[in-house]
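Peer 1: Sequence first, then the predicted structure:
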Amino acid sequence: MNEKIILDLLAEAGMLKRIKRSGWWMIGIPFEESVAEHSFRCAMVGYCLAKMEKVDPYKVVMMSLFGDLHEARINDQHKVASRYLNTRDAEKKAFEGQIERLDKNMRSELASMRLDYDKQNTKEALIARDADILECILQAKEYVDLGFSTAKKFFRAAPKHLKTKSAKGLYKKLSKWNSNKWWESLSEFKR
């Protein structure tokens, strides 16, 4: 295995720490999350959903971790841009370019995982997509709880795209949940 190629891929993945999620800056959030921050928690959400749905968490976590890698090359495209750009083709082309120099086994596994996610024909792919949506809703809820009411718009459209029972159940709880209670209950300065 060529170590330089691996290091190049990891450096490219590191770019995601500097790329901000564009939907948040579109609505005026002054400290929007990075794509890497989204991908990290998306993988955690995916793991939890996979366990709840009793499917292979490895596949779901892999889809979640690598799901936005293409954004290191094409940036995060918000929904307005999608009206004018063929983002699906650009994402596919960027991802193919990112994995083309990897050894055959890694390239094959990642290409297969990406195809599975894009087709949405397996339970793992549906859960990985639900994890992506649910993480966005979680982030929106945290922004709302911090006083950014414009983030409420993400609560309207996203839930109708959730496919799994577990994701729908978490969303139902999330809409009434206070994202600050977990740390307030641990603090010595309880209200």
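Peer 2: That came through, no problem.

Peer 1: Quick one: neighbours of E91, just the number.
Peer 2: 20 (other C-beta atoms under 10 Å). All C-beta spots, glycine's among them, are computed from the backbone N, C-alpha and C.

Peer 1: Which SSE is immediately downstream of the helix or strand of the chain with the lowest mean pLDDT?
Peer 2: Lowest by mean pLDDT, DSSP states H and E among the helices and strands of the chain is helix 154-157, with a mean of 81. The element immediately downstream of helix 154-157 (helix or strand, assigned by DSSP states H and E) is helix 165-174.

Peer 1: From the rest of the structure, what touches that following helix?
Peer 2: 49, 52-53, 127, 130-131, 133-134, 137-138, 141, 159, 162 (C-beta atoms under 8 Å, 6 or more residues apart in numbering).

Peer 1: pLDDT (mean, whole number) over that helix?
Peer 2: Regarding helix 165-174, the rounded mean pLDDT is 94.

Peer 1: From the contacts of helix 165-174, pick the one nearest K20.
Peer 2: Closest approach to K20 among the contacts of helix 165-174 (C-beta to C-beta): L138, at 17.2 Å.

Peer 1: does the closest one really touch V45, like I thought?
Peer 2: Yes: if you go by C-beta atoms under 8 Å, L138 and V45 touch, sitting 7.3 Å apart.

Peer 1: In terms of neighbours, single out the busier of these two.
Peer 2: V45 (26 against 20).

Peer 1: where's that one, which helix or strand?
Peer 2: V45 is part of helix 35-53, with elements assigned from DSSP H and E.

Peer 1: Buried residues in that helix, which are they?
Peer 2: 35-43, 45-50, 53 (16 or more other C-beta atoms under 10 Å).

Peer 1: and of those residues, the nearest to R73?
Peer 2: Taking C-beta to C-beta as the measure, V35 is the one of these closest to R73, at 11.6 Å.

Peer 1: Could you measure from the closest one over to V80?
Peer 2: Noted for V35: a distance of 18 Å to V80, by C-beta to C-beta, to the nearest Å.
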